[in-house]
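Enquirer: what would the 3D arrangement of this be:
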Amino acid sequence: MDTTQPEHQQSQNALLKRRFLSLPSLLSFAVAAVLLLLLVTRFNLDWEATWANIRAINIWLYLAAMGMYFASFWFRGRRWQLLARNTRTIAADKGRVPSTLRTAQFILIGWFVNSVMWLRLGDAYRAYLFAKESKGTFSWSLGTIVAERISDIATILVVLVVSIVAFTLTTENTTASMLLLVVLAGAGLSMMLLLAMRYYGQRLAKLLPKRLGTAYIRFQQGTLGSFKQLPVVFMLGLAGWAFEIGRLYLVVSALGVDAPLALIPIVALGHALLSTVPTPGGVGVVEPGIIGLLLISLEKSDAASVALVDRSITYLSVIAVGGAIFLVMQVMSKRKGRISDALFDSVEQGNHTGELADKKHNAH
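Expert: Sure, this is the predicted structure:
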């Protein structure tokens, strides 16, 4: 029996455990704790008023916000599935692209790993899960995630431009324009990356050792080959981000806070950009960032209550739900391995019994 897959799965899980308990991971948690301490001490927040706001929350709107947040994973999963299919590199007789539900689960597991580990290692882990499920290569799978990120940047850019223009027309504050500059810089770098891969990728592959060159070619195929059916890819991404914006709107409504409508997309997308900082789940960076953006129009206690309640969804619930799915998948994987072992043993036993019967028959 081929035990390569179970052994590889165990090695991947052991690697995750070692990374979680590694010195860099522990240091990243320490950095996040220091940043949170600065948030508590430097913002001079009225914590009594903040907790009063949170205790008065409309629980039904809060649950609706959480439901909307997790519903966004379906659109993200569907988009990732489409990006992978666009590459057409998976042979029909070897594997298939996982279902939308499965890809959504992989994304949620990746976000869970990002929430408890440093340097966004969850992206690499979900690329591994996707490659294993589809019988593709890791480099190809990682390329589809890069394409997903570039699609996100393009979508965020469009939504931010509209939101910031609307916000600046209705208020005199121009602080939110800094976010637009950040996204424009990210979009520019992404475009330069795509152009470099398109025109110089083959040359780069020839300069690399054969194994690395092959991996790079697959990575390039996963990235550049994904950008087909762009309107559908863009609309799925836009729908996912619309649900993210809807989540924050429901959080604000649940707390009874009066925030400008045009500010909500800016804060929601700003949250997404800040969460890319390589602390676990962006902890220590996202929270003061959200509060800082909300302070454009809100009081400190209102801004803090919105940030804390929103993070209970985008961070704590991801750890709870994503961690539960991760554990279920681990249990099912081990159970599947045991069933495979049992089937193999029964087949071997049957073959052995058959051989004995044949020998006995021949003897007579």
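Enquirer: C-alpha only now, for contacts and for neighbours.
Expert: Fine.
Enquirer: show me how far the strand or helix carrying residue 242 is from its chain's centre.
Expert: Using DSSP states H and E, residue 242 sits in helix 230-254. How far helix 230-254 lies from its chain's middle: 15 Å, per Cα atoms, centre = their mean, to the nearest Å.
Enquirer: same thing with stretch 306-326?
Expert: Distance, stretch centre to chain centre, for stretch 306-326: 13 Å (Cα atoms, centre = their mean).
Enquirer: which residues does that stretch contact?
Expert: Contacts with stretch 306-326, where a contact means Cα atoms under 8 Å, 6 or more residues apart in numbering, come from 54, 66, 69, 105, 108-109, 111-112, 115-116, 248, 251-252, 255, 281, 287, 290-291.
Enquirer: CA atoms only for that stretch, dumped as CSV, please.
Expert: Output in CSV follows, covering the C-alpha atoms of stretch 306-326 (Å, rounded to 0.1, in the frame of the first residue of the first chain):
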residue,chain,number,x,y,z
VAL,A,306,-17.1,49.1,16.5
ALA,A,307,-13.5,47.9,16.1
LEU,A,308,-13.7,45.4,19.0
VAL,A,309,-17.1,43.9,17.9
ASP,A,310,-16.0,43.7,14.3
ARG,A,311,-12.8,41.9,15.3
SER,A,312,-14.8,39.4,17.3
ILE,A,313,-16.2,38.4,13.9
THR,A,314,-13.1,38.7,11.6
TYR,A,315,-10.6,37.3,14.1
LEU,A,316,-12.1,35.3,17.0
SER,A,317,-14.9,33.6,15.0
VAL,A,318,-12.4,32.7,12.3
ILE,A,319,-10.3,30.9,14.9
ALA,A,320,-13.3,29.2,16.3
VAL,A,321,-15.0,28.1,13.0
GLY,A,322,-11.9,27.7,11.0
GLY,A,323,-10.2,25.8,13.8
ALA,A,324,-13.2,23.5,14.0
ILE,A,325,-13.2,22.8,10.3
PHE,A,326,-9.4,22.2,10.5
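Enquirer: which residues touch residue 121?
Expert: Counting by Cα under 8 Å, 6+ apart, residue 121 touches 110, 113, 114.
Enquirer: so the last one sits right up against residue 123, yeah?
Expert: So that's residue 114. Yes. Contact status for residue 114 versus residue 123: in contact at 7.5 Å, counting by Cα atoms under 8 Å.
Enquirer: looking at those two, which is more packed in?
Expert: Per other Cα atoms under 10 Å, whichever of residue 114 and residue 123 has more neighbours is residue 114, with 27 against 20.
Enquirer: measure that one to residue 202 for me?
Expert: Distance of residue 114 to residue 202, computed by Cα to Cα, to the nearest Å: 32 Å.
Enquirer: now residue 327: how far from residue 134?
Expert: Using Cα to Cα, residue 327 is found at 21 Å from residue 134.
Enquirer: between the two, who's got more neighbours?
Expert: Counted by other Cα under 10 Å, residue 327 and residue 134 do not tie: residue 134 has more neighbours, with 18 against 13.
Enquirer: any chance you could list what contacts the helix holding residue 242?
Expert: Residues outside helix 230-254 that contact it (Cα under 8 Å, 6+ apart): 57-62, 64-66, 68-69, 71-73, 75-76, 78-79, 82-83, 151-152, 155-156, 258-259, 264-265, 268-269, 306, 309-310.
Enquirer: give me the neighbour count for the residue nearest to residue 190 when sequence neighbours are not counted.
Expert: Excluding its sequence neighbours, the residue lying closest to residue 190 (Cα to Cα, 6 or more residues apart in numbering) is residue 150, at 6.4 Å. Around residue 150 there are 21 other residues, counting by other Cα under 10 Å.
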